[in-house]
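In: fold the stuff below for me.
(one chain, ligands or ions: 2)
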Amino acid sequence: MSQRPATARFAAGKAEMLAPGMTVGLYGGSFDPPHAGHRHVALTARKRLGLDAVWWLVAPHNPLKADAPARLQARADAVSALIPEPGHVVSTIEDRLGTRYTIDIIRHLTKRHPQVRFVWIMGADGLGSFHRWSDWREIAARVPICVIARGGTPLKWRLGRAARHLAGARVQPVAARALVKQGAPGWTYITAPLHAEASSLLRRGR
Ligand SMILES: Nc1ncnc2c1ncn2[C@@H]1O[C@H](COP(=O)(O)OP(=O)(O)OP(=O)(O)O)[C@@H](O)[C@H]1O
Ligand SMILES: O=C(O)c1ccc[n+]([C@@H]2O[C@H](COP(=O)([O-])O)[C@@H](O)[C@H]2O)c1
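Out: Ligands and ions are numbered 1, 2, ... in the order given. Now for the predicted structure:
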């Protein structure tokens, strides 16, 4: 089978298969290209949070990045090839809704599926720049956040503006499953073994 169906399946109405109380991790990224570090993040979050599914949201163009990424469908196809396991769904919903902003997707999904428990998944560097995202406080107020450790400057990221703003809502990883059930605001920082892979390194090697 080709690698397209995962994306097509979602576009065709995967949401109809959502059961009340289902837990879904939203893993947004440029994935340009996707790599083993992304797999590590999605698999770690799914396992530690006990998620029913992870939706990989392939971003049309990160608003904080100047350079345009590779073609969206090519990146979505590459993600599908990277993570063929059931429960991992590849989506280009941001493109379909005509937005680059995470808050638009979060508003859309939480309003449309109030019975589903969504959680946002990101690497630790994402936490470091989270305060520059559009309406980041509202994102954190709408969905809990799972941060997966990454090599680099973790202390800086963990002590950054967003982390300080959300300090009172932080829960220990041991309570991560409960976090998904209890909902926002809340976040956890999972210090899984580090994975060194990065898309920028791979692009340099192209
Ligand atoms: N090796 C990794 N460990 C932990 N998190 C990661 C890792 N690679 C990517 N992520 C996270 O995955 C999400 C998508 O990352 P992205 O597609 O930008 O890949 P990247 O490798 O960070 O790309 P680039 O090197 O171009 O910045 C982000 O939240 C990022 O923090
Ligand atoms: O909404 C924003 O303002 C915003 C700013 C920066 C990044 N994001 C999202 O963060 C996710 C990770 O982006 P990236 O490029 O680091 O893989 C991806 O889903 C982007 O759309 C979103």
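
In: CA only for contacts and neighbour counts going forward, please
Out: Noted.

In: contacting residues for the spatially most central residue of the chain?
Out: Nearest to the mean C-alpha position of the chain, by CA atoms, centre = their mean, lies residue 27 at 1.8 Å. By CA atoms under 8 Å, 6 or more residues apart in numbering, the residues touching residue 27 are 42, 54, 55, 56, 57, 120, 121, 122.

In: near ligand 1, from those?
Out: Contacts with ligand 1 are made by residue 122 out of those, judged by CA under 6 Å from any ligand atom.

In: dihedrals phi and psi, residue 94?
Out: phi -60, psi -40 (degrees, to the nearest 10).

In: my guess is it contacts residue 61, does it?
Out: No - using CA atoms under 8 Å, residue 94 makes no contact with residue 61, being 9.5 Å away.

In: find residues that contact each of those two.
Out: residue 100.

In: can you give me the helices for the protein?
Out: Assigned helices in the chain, in chain order: 5-11, 36-49, 72-82, 93-97, 102-112, 124-129, 136-142, 154-158, 161-165, 176-182, 199-204 (criterion: DSSP state H).

In: Serialize these to TSV and add fields for distance to residue 22, mean neighbour count and mean pLDDT.
Out: Formatted as TSV, those follow (distance: least, CA to CA, whole Å; neighbours: other CA atoms under 10 Å; pLDDT from 0 to 100):
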stretch	distance to residue 22	mean neighbour count	mean pLDDT
helix 5-11	16	18	42
helix 36-49	12	19	98
helix 72-82	22	19	97
helix 93-97	19	15	96
helix 102-112	13	16	97
helix 124-129	25	20	96
helix 136-142	16	18	98
helix 154-158	29	16	88
helix 161-165	27	16	96
helix 176-182	10	19	94
helix 199-204	31	12	94
